[in-house]
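Q: sharing a model prediction with you, sequence too.
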Amino acid sequence: MAGHEGGRAGAPDVRPEDFGAWGDHFGAEEDGDGLSARRPETPDCPDCGRTAELRPTDTGHWILLQPGRYPVAEVPEGRRWYDAEDGRSVVRGPGATARSADECRIAHRPVCAARAFSPRWWPLRAALWLHNRDVAGLPYE
Ligand SMILES: [Zn+2]
């Protein structure tokens, strides 16, 4: 049967479900990166309260990034964010001009301590979530 291959990553289209009010509850869109159409008032995560890194995107939105840089090999393609050449904004996906091809950023939202864990997550995501739970003083299994 003709599968939904999705082999070609193509342009990093921002999905409509990534938008919406800042602080939407996770249930609405389980796996978004938490883009905001408006600049949030603070860089604090509305869900766990942790201060993240608030950055504009090349598409004119805002995103909270998890601190640090991570090997691209450990981050699924659609989850990679790169520092743009202006040093200020971030861009998503292959084809974007990036300062480093080896490291990328990831959004805070997928690894937010306020989320419920899923065993389907990629390993680095699970590790960062565990780290955030630990920092937040929340229990984890
Ligand atoms: Zn959070």
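A: Great, that's in hand.

Q: just the strands in the protein please.
A: With strands called from DSSP state E, the chain shows them at 53-56, 62-65, 70-71, 81-83, 90-92, 103-104.

Q: quick check: which of those is nearest to residue 140?
A: Checking the strands of the chain against residue 140 by CB to CB gives strand 70-71 as the closest, at 20.1 Å. Heads up, the C-betas are built off the backbone N, CA and C, glycines and all.

Q: partners of that closest one, with directions?
A: Its sheet considered, strand 70-71 pairs with strand 103-104 (antiparallel) by DSSP bridges.

Q: stretch 31-38 close to the ion?
A: No - for stretch 31-38, no contact with the ion is found by CB under 5 Å from the ion; the gap never falls below 8.9 Å.

Q: off-centre distance for that stretch?
A: With CA atoms, centre = their mean, to the nearest Å as the basis, stretch 31-38 stands 8 Å off its chain's centre.

Q: residues in the protein within reach of the ion, list them.
A: Checking the chain against the ion by CB under 5 Å from the ion, the hits are 45, 47-48, 112.

Q: distance to residue 139, pLDDT and neighbour count added to those residues, as JSON lines?
A: Shown next, in JSON lines, are the residues of the chain next to the ion (distance: CB to CB, whole Å; pLDDT from 0 to 100; neighbours: other CB atoms under 10 Å):
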{"residue": "45", "distance to residue 139": "19", "pLDDT": "95", "neighbour count": "23"}
{"residue": "47", "distance to residue 139": "17", "pLDDT": "93", "neighbour count": "18"}
{"residue": "48", "distance to residue 139": "14", "pLDDT": "94", "neighbour count": "19"}
{"residue": "112", "distance to residue 139": "15", "pLDDT": "96", "neighbour count": "24"}
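
Q: turn these into JSON lines, including distance to residue 129.
A: Output for the residues of the chain next to the ion, formatted as JSON lines (distance: CB to CB, whole Å):
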{"residue": "45", "distance to residue 129": "13"}
{"residue": "47", "distance to residue 129": "12"}
{"residue": "48", "distance to residue 129": "11"}
{"residue": "112", "distance to residue 129": "8"}
